[in-house]
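Trainee: Prediction below, plus the sequence it came from.
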Amino acid sequence: MNPFSRQDGELLADGVRLSDIANSIGTPVYVYSRSYFEARYRALQAALAPLDARICYAVKANSNLSVLRCFQALGAGFDIVSGGELQRVMAAGGNPETVVFSGVGKSEAEIDFALKLNIGCFNVESRQELDRLSQRASMLGRVAPISVRVNPNVDAGTHPYISTGLKTNKFGVPVSEAETMYQRASADPALEVVGIDCHIGSQIASAEPLLEALDSLLELVNRLNAQGIGLRHVDLGGGLGVRYKDEPDFDLETYSAALKKKLTGSALQLVLEPGRYLVANGGVLLTRVEYLKPSADDGRSFAIVDAAMNDLIRPALYQAWHDIEPVNQAAKHARTANWDIVGPVCESGDFLAHDREMALAPGDLLAVLSAGAYGMVQSSNYNSRPRPAEVMVENGRFRLIRRRENSRELLSLERDLDG
Ligand code: LLP
């Protein structure tokens, strides 16, 4: 399913030369494969059949309108965490009824916006949020569909920054508190209980912690049923891990077989909120080598490229590994060394990779792989760097889906009081 392959030594995306994209659009540029996104979505859907599962794509992973449009066309719903993401889903033609709204800090304005659009479900993360939701829904004469995000206190075994299901994390509420919230919600005419949810972390390697979380959710569902509180769906969040280096892709077969066993015959519809699984390995970040600074007296050798931590922050923030490959075969005058691939930003934490053995020459084009998820969405203008362009490859051609920012635009929101 890998859309990036070599032909005559040159790296292509679904048959399109990455060097053509770089020459036409410039670098740094994110390149995505639509066919990969579609294939991943369909594979997940097929693995879950015959469960009547709803896949709500986690917008935060890659929120470009064309990416959202792609998942919308496949019939996906959406998991959002802000009014801005809801705005995007609407702009991409998404159906608000398929939207689940997660996040610990929903503002009144965001809640009102979502209520007026009749979104499918608010994934409520605290008693205080439940109160606010009830208040806003009554004010607007609406009924808010809710699910309580349970924090099952399960260790997802992932990086601490992207682990969310432990009681030390800010997300969700403990099972006991969730039960009280459901009792309160079911007695409130401004609220309608529709589901239960959790999301225990991201880049999870195996099904076990997810299934453990499901068990504790189902126990609560049974207790609620006994109290006459019925639920329509169980939402297990996202978190399915992908291959960045040599780790295996998430074992979908084991996960889906266990889900089927636990849910077949139950009245609960399964909802999942995958982000990374659908998009990570369908994107690359193209960057060009500006300078080579080979090691002086056994220090490190630096390849300084035109992409930096502001364009792709995952290595700097999570010590994340991304494979990096030259787009073309090495030129004759290339230098082989163990390069640290670093950007122009003025921080020692600005690196894309350490110690990668390859032959490089200035001007070479590199592809930073697995950059389709949490790449562009986490980019910034640090060091007043315009953010990269984004390109989608489909049907053997490429289209610009977000043009590169320019420096003038970066200044446009500011006022120079003395100027
Ligand atoms: N649902 C909720 C409520 C979430 O918080 C997340 C991700 C997802 C779904 C999607 O998770 P996924 O399937 O993509 O693992 N920036 C980090 C990842 C942060 C994930 C935050 N929550 C990274 O670059 O690794």
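Mentor: It's in.
Trainee: going on from the helix or strand where residue 260 lies, what's the next piece of helix or strand?
Mentor: Under the criterion of DSSP states H and E, residue 260 resides in helix 252-263. Per DSSP H and E, helix 252-263 leads on to strand 269-272 as the next helix or strand towards the C-terminus.
Trainee: For that following strand, which helices and strands make contact with it?
Mentor: helix 34-48, strand 54-58, strand 233-235 (3 or more C-beta pairs under 8 Å, 6 or more residues apart in numbering; DSSP states H and E). Yep, even glycine has a C-beta here, placed from its N, CA and C like the rest.
Trainee: for the ones you listed, which one ends up most surrounded?
Mentor: Neighbour counts (mean count of other C-beta atoms under 10 Å) averaged over each of the helices and strands packed on strand 269-272 peak at strand 54-58, with a mean of 26.
Trainee: Residues touching that one, excluding its own?
Mentor: Surrounding strand 54-58, the residues in contact under the criterion C-beta atoms under 8 Å, 6 or more residues apart in numbering are 41, 44-45, 48, 68, 71, 76-79, 98-100, 233, 235, 238, 269-276, 278.
Trainee: Pipe the helices and strands packed on strand 269-272 into a markdown table and attach mean pLDDT and distance to the ligand per row.
Mentor: Written out in a markdown table, the entries for those read as follows (pLDDT from 0 to 100; distance: least, C-beta to the nearest ligand atom, whole Å):
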| stretch | mean pLDDT | distance to the ligand |
| --- | --- | --- |
| helix 34-48 | 98 | 11 |
| strand 54-58 | 98 | 4 |
| strand 233-235 | 98 | 9 |
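Trainee: how about the residues of the stretch 201-350 of the chain near the ligand?
Mentor: Applying C-beta under 6 Å from any ligand atom, one finds that the stretch 201-350 of the chain approaches the ligand through 202-203, 237-240, 273-277, 314, 318.
Trainee: try it again with 5 Å
Mentor: Among all residues of the stretch 201-350 of the chain, those adjacent to the ligand (criterion: C-beta under 5 Å from any ligand atom) are 202, 237, 238, 239, 273, 274, 275, 276, 314.
Trainee: so which strand or helix has residue 176?
Mentor: helix 175-186.
Trainee: same thing with residue 19?
Mentor: Using DSSP H and E, the secondary-structure element containing residue 19 is helix 18-25.
Trainee: same thing with residue 122?
Mentor: In this structure, residue 122 sits in strand 121-124 according to DSSP H and E.
Trainee: ok so, going back, so which elements touch the helix holding residue 19?
Mentor: Helix 18-25 packs on strand 10-13, strand 29-33, strand 283-293, strand 365-368, strand 389-394, strand 397-402, going by 3+ C-beta pairs under 8 Å, 6+ apart.
Trainee: Can you tell me how far the residue nearest to residue 357 when sequence neighbours are not counted is from the ligand?
Mentor: Among residues not flanking residue 357 along the chain, residue 338 sits closest, at 5.1 Å (C-beta to C-beta, 6 or more residues apart in numbering). Here the criterion is C-beta to the nearest ligand atom, to the nearest Å. By it, residue 338 lies 25 Å from the ligand.
Trainee: and what of residue 148?
Mentor: Plainly put, residue 148 is 13 Å away from the ligand if you go by C-beta to the nearest ligand atom.
Trainee: cool, residue 336 as well?
Mentor: 31 Å.
Trainee: ok, now which ones touch the closest residue to that residue other than its chain neighbours?
Mentor: Closest residue to residue 336 apart from its sequence neighbours, by C-beta to C-beta, 6+ apart: residue 359 at 4.4 Å. With C-beta under 8 Å, 6+ apart as the criterion, the residues that contact residue 359 are 326, 330, 334, 335, 336.
Trainee: And these, which two are furthest apart?
Mentor: Between all members of the contacts of residue 359, the longest pairwise span (C-beta to C-beta) is found for 326 and 335 and amounts to 12.3 Å.
Trainee: shared neighbours, the two?
Mentor: By C-beta under 8 Å, 6+ apart, the residues touching both residue 326 and residue 335 are 359, 360.
Trainee: Quick one: residues in contact with the helix holding residue 19.
Mentor: In this structure, residues lying in contact with helix 18-25 by C-beta under 8 Å, 6+ apart are 4, 10-13, 29, 31, 284, 286, 288, 327-328, 365, 367, 389, 391, 393, 398, 400, 404.
Trainee: Check stretch 76-89 too.
Mentor: 41, 54-60, 63, 65, 68, 71-72, 94-96, 98-103, 107, 109-110, 113-114, 117, 119-120, 238, 271, 273, 275.
Trainee: The same query, at a cut-off of 6 Å, please.
Mentor: The set of residues that contact stretch 76-89 without belonging to it, under C-beta atoms under 6 Å, 6 or more residues apart in numbering, is 54-60, 63, 94, 98-103, 110, 113, 273.
Trainee: Next, the buried residues of the helix holding residue 176.
Mentor: Counting neighbours by 16 or more other C-beta atoms under 10 Å, one finds that the buried residues in helix 175-186 are 175, 178, 179, 181, 182, 185, 186.
Trainee: So for it, mean pLDDT?
Mentor: Rounded to a whole number, the mean pLDDT of helix 175-186 is 97.
Trainee: what's the offset of it from the middle of its chain?
Mentor: Using C-alpha atoms, centre = their mean, to the nearest Å, we find the averaged C-alpha position of helix 175-186 to lie 29 Å away from the chain's own average C-alpha position.
Trainee: quick thing: my sequence starts at 23, can you match it?
Mentor: In the new numbering, first residue 23, that becomes helix 197-208.
Trainee: Tell me the first helix or strand C-terminal of it.
Mentor: Moving toward the C-terminus from helix 197-208, the next helix or strand (DSSP H and E) is strand 213-219.
Trainee: and after that following strand, which helix or strand comes next?
Mentor: With elements assigned by DSSP H and E, the helix or strand that comes after strand 213-219 is helix 230-248.
Trainee: and that next one with helix 274-285, angle?
Mentor: With axes from the mean of the first three to the mean of the last three C-alpha atoms, to 10 degrees applied, the angle from helix 230-248 to helix 274-285 works out at 20 degrees.
Trainee: Which other helices and strands does helix 230-248 contact?
Mentor: Applying 3 or more C-beta pairs under 6 Å, 6 or more residues apart in numbering; DSSP states H and E, we find helix 230-248 packed against no helix or strand.
Trainee: for that helix, what is the average pLDDT?
Mentor: Per-residue confidence for helix 230-248 averages out to 97 on the pLDDT scale.
Trainee: Buried residues in it, which are they?
Mentor: Across helix 230-248, burial judged by 16+ other C-beta under 10 Å covers 231, 232, 233, 234, 235, 236, 238, 239, 240, 242, 243, 246.
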